[in-house]
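> Coordinates only, no sequence provided:
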């Protein structure tokens, strides 16, 4: 017994030691990001895919849009503008529904897109809000992956039905129709067929909530194929609130069925419409029932009705007219004769997924497309886009080194674009430039020339665009005599060499290289894929409806990474699991992923990041969701792939798509996942999700701008998101965590003189991307929040003179305080109107300053440099003249303010005793400041105050030295001021009043 007790004590003592060792070996970033925040720059001019549109049942101004990868958006102004209401949660949406009994407060969101293309994201269950979308709670169905519909009993809010399409890439049990009778607390599966068949569409009879219709769809997608349809696809009806279900196929086509859309006419619930995907092409199309599903008749087989049923199956019936039907499709089709004939909707972005009618006026329609939300006021004849929804779905981003730097990228179904990271008045739609059509992917700037490479899906075209000459040339590799068919991924990798500016790489199953910007090509590898023939039969992809768009091309190269340290080291990753490396420029290749511990074989290599610190080091992101594996996989090698180490921890939720290594600190890594951004400070021992204005959207690619240290993310649903200057993260270590205050190092701050005219007309309802700040940023770290005692932050010159006092950040982690290089505004004389020119604060001179942080009894200082903007071309003499003139006018403004203060005092003192002098003082004041009029239409003649202040504002606000005209004008106002002083001195002597108890000049200014 004693021996056992000793053993147990020994084990007990070992536990905390082991635990402490593990904790001390990590450096978690949890709660340390502080003021480091993301900014969204869009663009929104092409918007992104809309999945579901919903209207409020009683308020026609309220409309909801569920998006493919950008969350849920709400409009309170009839789709003039929308606002995001679901940022913190999974951004892939399947369905939105309002409780008809309390539509202002109770909202349901089912996550997971149900238009099952190859690039769809995934969901994580059902959410509910009881306060109109301010707060959300997940209420179950976590493994549903894709929710197609939600319906609430209009007679009983606790009764909720959810149609679960389920997993796209694998079998799953969480499929079919689910019901809750207690408001979502518990769920019962009331219609289930098998692990491969889910509920694709579901409706409730608006007059009888016990009558339900459910469309069941058998389907499966793999990385190399898609199968729509099977013997389990069927349309079911229940008349007892889901207790029992019966097929309603009388009049349906024979054989297997595919996806079935279902709609009911609200004005006549016996009228039903369905669009059927069938084995026989002639039997596909629109069917109608006039007896609540007892029998069906085919009405229409037009291409616009039958095209791509997996992507377009939504049917909408006008709530007031059973014969007006809208069907999603490439252009969207509308019928006004009960489905006998259709015509296209008005011109808008192609790929129409959902349409809703205004609840009061059917001429008003709202349409969800691959390019955002459109609205029509004339029954769909003409359409206009909603301009403030930044839902662009980027596959890839890159940056250049311009000032401001540009961002390049390609988007799902919206071409390729580039635009600035900052623009006057914010980044507007017109600041973005098209650089290619189709589905856009990688877009790369030539390292030394104003040439841009872009591409469209499957390398169907790869373009070289000379921006200056506006010349476009296609440069994709083409097979030569004797070459096998080239297999290009839908998302074909291209890369530019860091060593030879004209060198350009493209991947098929081979690695192609050009040394003349794509004019000539050579292959420098064998087939680097598994070349598995069973995964190359894309011609038969689609199931009942052949769909060979190129999206399923497989056994291809997917990522290329040239080492930034050695041009002969090139990494290649394939979509079928190979990580190949050459160390001799392509002469020899080694497959390094044959055995990686914990990694399933043939897992897609989504990204390889070649290290900037060691040429033998690389990171490989593996992504298995296309085989139903949702786990995150990222590995690191330090020996050219001989061995790989897992750097993912249980902190990371969601499969990984990209990793970015910091250029300075090799332990600082950024991970793009399906559910947002993760950051590690310790090389992957611990990860923390970044949430400061960063939605839980799919981050498909990350780039790091070396000059600015900006982290630039291409998201698949929320456009471009930037975290400006991540450099503070480089310095956080265990020693810093022990300091009371740690000031982060900084490069000299540039007082940017560049500006421009906003030209903001027409942007009232547009999204405008946020700019980065041009202010000096004082950044410091607090290991814990400051809660007790005073805390202030002053900017001082090196003699200790206080230039300004700023609000000090007190939060745990990174604090950022902005200073715009300004001191205080001059104190202006009081008058009838404002002296707008005096609202300008002067800028400091270039030089060394210090931030002085007082924290309780402790004081901490940080010196920093401020430099001029060299782009102005001003000499030191010019700068001195500008500063001296500015400050002369600044002091004149304050001296005049004190003089007017004195004049007022003497006027008051003499108004009874010496009325003549008092009147003369009044006359003098009328020449010093405006004493009549107002600040707008009653503008009075400007007086000395306005002349000094306006000249001061012009000189202080200009990038340039004072002009000759300004200096001449300065002489005029100086002379006038001197005369006013002399006149006042004479009047003071005539006033003969005793001491007025006036404040001193210093006391007056200090007020």
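Received the coordinates, thanks. Here the structure is a predicted model, which means the values were calculated and not measured. Residues are numbered from 1 along each chain as shown.
> switch to C-alpha atoms for all contacts and neighbour counts from now on
OK.
> longest helix anywhere in the protein?
Determined from DSSP state H, the single longest helix within the chain is helix 876-910.
> I'd like to know which elements it is packed against.
helix 915-928, helix 944-957, helix 964-991, helix 1001-1006 (3 or more C-alpha pairs under 8 Å, 6 or more residues apart in numbering; DSSP states H and E).
> closest to residue 333 out of those helices?
Between residue 333 and the helices and strands packed on helix 876-910, the tightest spacing by C-alpha to C-alpha is seen for helix 944-957, at 56.8 Å.
> which parts of the closest one are buried?
944-953, 955-956 (16 or more other C-alpha atoms under 10 Å).
> Need the contact partners of it.
828-829, 835-843, 882-883, 885-886, 889-890, 892-893, 896, 927-930, 961-962, 966, 969-970, 973, 976-977 (C-alpha atoms under 8 Å, 6 or more residues apart in numbering).
> hmm, which of those are the buried ones?
The neighbour count (16+ other C-alpha under 10 Å) marks 828-829, 835, 837-843, 882-883, 885-886, 889-890, 892-893, 896, 927-930, 961-962, 966, 970, 973, 977 as buried among the contacts of helix 944-957.
> wait, residue 535 sits on residue 541?
No - taking C-alpha atoms under 8 Å as the definition, residue 535 is not a contact partner of residue 541, at 10.6 Å.
> out of these two, which sits in the busier spot?
Regarding residue 535 and residue 541, a neighbour count based on other C-alpha atoms under 10 Å identifies residue 541 as having more, with 23 against 17.
> any shared contact partners between residue 535 and residue 541?
When contacts are counted by C-alpha under 8 Å, 6+ apart, the set common to residue 535 and residue 541 consists of residue 225.
> State the distance spanning the first to the last residue of stretch 812-830.
End-to-end distance of stretch 812-830: 44 Å, with C-alpha to C-alpha, to the nearest Å as the criterion.
> Mind checking the pLDDT average for stretch 216-223?
Mean pLDDT, stretch 216-223: 97.
> what's the answer for stretch 46-61, then?
The average pLDDT for stretch 46-61 rounds to 97.
> what does stretch 563-582 give?
For stretch 563-582, the mean pLDDT works out to 98.
> And the contacts of stretch 411-424?
Stretch 411-424 is contacted from outside by 41, 46, 48, 370-371, 392-396, 404-410, 427, 431-441, 443, 454-456, 755-758, 770-772, using C-alpha under 8 Å, 6+ apart.
> If you count neighbours, what's buried in stretch 119-128?
In stretch 119-128, counting by 16+ other C-alpha under 10 Å, buried: 120-128.
> nope, stretch 300-312 is what I was after
Within stretch 300-312, the residues that qualify as buried are 300-301, 304-312, counting by 16+ other C-alpha under 10 Å.
> And those residues, which is closest to residue 100?
Nearest to residue 100 among the buried residues of stretch 300-312, with distances taken as C-alpha to C-alpha, is residue 312, at 26.8 Å.
> does that closest one count as helix, strand or coil?
Three-state assignment for residue 312 (DSSP: H, G, I helix; E, B strand; the rest coil): coil.
> ok, now which ones touch it?
Residue 312 sits next to 115, 327-330, 351-353 when contact means C-alpha under 8 Å, 6+ apart.
> In these, find the pair that's most separated.
Among those, 115 and 327 lie farthest apart (C-alpha to C-alpha), at 14.4 Å.
> Neighbour count for the two, which is higher?
More crowded of residue 115 and residue 327, by other C-alpha under 10 Å: residue 327, with 30 against 20.
> Could you list which of the contacts of stretch 411-424 belong to strands?
Judged by DSSP state E, the contacts of stretch 411-424 include 41, 394-396, 406-410, 433-436, 454-455 as members of strands.
> out of the residues you listed, who's nearest residue 135?
For the ones in strands among the contacts of stretch 411-424, the nearest to residue 135 is residue 41 (25.3 Å; C-alpha to C-alpha).
> My guess is that closest one contacts residue 770. True?
Yes - with contacts counted by C-alpha under 8 Å, residue 41 reaches residue 770, the gap being 5.6 Å.
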